[in-house]
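# The following comprises the amino acid sequence and a computationally predicted model.
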Amino acid sequence: MSAQRMVVGISGASGFAYGVRLLQLLRRLDIETHLSVSRSALLTMTHETDYKFADVAALADVTYRCDDMAAAISSGSFRSLGMIVAPCSMKTLAEVASGMSSSLISRAADVTLKERRPLVLLARETPYTLAHLRNMIAVTEMGAIVAPPVPAFYARPASLDQMIDHTLGRVLDLFGLEAGTVKRWREVQTETRADAPAPHIA
């Protein structure tokens, strides 16, 4: 394998920006990206962003139609670091939990699990139903990592972009990749102490 590869799925949950920024970070890390975007995600894209699909596809090295079940990433023989679904809808989560593959994203996720590669799902929904929670348990038992995009306020994000970057940096940590976007806990504590005013001594 000449380059490190990552499979990226963008499903229809709110949070399309996570998928776009993930592609940008992986490009910066020189990781070859193989992308599939669901039909519902394209609808989300038009509501939440000003992107056109061509803009997003241009960020990936290879893009596959969501119904292309003969795509390279649908086979276990396709070697990769693993797969990230960002964001992951509850429909996609349910398909992965049940082993059903009605789209290329859920098929690629199934392949990732069967090949014992890391699968990270940025499950985006709130509040959760019992079905959602049971599906999260099921995919966790199967070896996936459920990583809801929850902001880390200890990092004191000043913008939405910083919140997204921190979340995705932590996701990439799970693959041993350093994106340079994470304010780590002890470092934040050190910065806070250094910035704190000196105590008044009478």
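Sure, I can see it.

# going forward, measure contacts and count neighbours with C-alpha atoms only.
OK.

# helix/strand/coil for L35?
L35 falls in the strand class when you classify it by DSSP: H, G, I helix; E, B strand; the rest coil.

# Hmm, I typed the wrong one, I wanted L42.
helix.

# just checking, it touches F53?
Yes - between L42 and F53 there is a contact at 7.4 Å, judged by CA atoms under 8 Å.

# Give me the secondary structure label for R134.
Assigned with three-state DSSP, R134 falls in the helix class.

# Now do it against L121, distance only.
According to CA to CA, to the nearest Å, R134 and L121 sit 15 Å apart.

# okay, these two: which has more neighbours?
L121 (27 against 14; other CA atoms under 10 Å).

# Within its sheet, name the partner strands of the helix or strand hosting that one and how each one runs.
Element membership for L121, per DSSP states H and E: strand 119-123. Strands that pair with strand 119-123, judged by DSSP bridges, come out as strand 83-88 (parallel), strand 145-146 (parallel).

# ok, back up a step: of L42 and F53, which one has the most company?
L42 (17 against 12).

# Any idea which residue is closest to the centre of the chain?
Nearest to the mean C-alpha position of the chain, by CA atoms, centre = their mean, lies A86 at 3.4 Å.

# That one reaches S14, doesn't it?
No - contact between A86 and S14 fails when scored by CA under 8 Å: they sit 9.7 Å apart.

# what about the helices in this protein?
Counting by DSSP state H, the chain has helices at residues 16-28, 39-48, 53-57, 90-98, 104-114, 130-142, 160-173, 185-195.

# so who does S11 touch?
37-41, 85-89, 92, 105 (CA atoms under 8 Å, 6 or more residues apart in numbering).

# nearest to V8, of those residues?
Using CA to CA, V85 comes nearest to V8 of these, at 5.8 Å.

# Which strand residues bridge the closest one?
Under the criterion used (DSSP bridges), V85 bridges to G9, L121.

# Give me the neighbour count for it.
By the criterion of other CA under 10 Å, V85 has 29 neighbours.

# What pLDDT does the model give S103?
pLDDT, the model's per-residue confidence, is 96 for S103.

# same check, this time on the one 10 residues further on
Per-residue confidence (pLDDT) for L113: 98.

# Can you tell me how far it is from A144?
7 Å.

# shared neighbours of the two, anything?
L119.

# Which of those two has more residues huddled nearby?
Neighbour totals were compared for L113 and A144, and A144 leads with 24 against 21 (other CA under 10 Å).

# With respect to burial, which of the helices of the chain scores highest?
Across the helices of the chain, averaging neighbours per residue (mean count of other CA atoms under 10 Å) puts helix 104-114 on top, at a mean of 25.

# quick revisit: in JSON lines: the contacts of S11, plus distance to T129.
Shown next, in JSON lines, are those (distance: CA to CA, whole Å):
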{"residue": "V37", "distance to T129": "25"}
{"residue": "S38", "distance to T129": "23"}
{"residue": "R39", "distance to T129": "24"}
{"residue": "S40", "distance to T129": "21"}
{"residue": "A41", "distance to T129": "22"}
{"residue": "V85", "distance to T129": "20"}
{"residue": "A86", "distance to T129": "20"}
{"residue": "P87", "distance to T129": "18"}
{"residue": "C88", "distance to T129": "15"}
{"residue": "S89", "distance to T129": "13"}
{"residue": "T92", "distance to T129": "15"}
{"residue": "I105", "distance to T129": "23"}
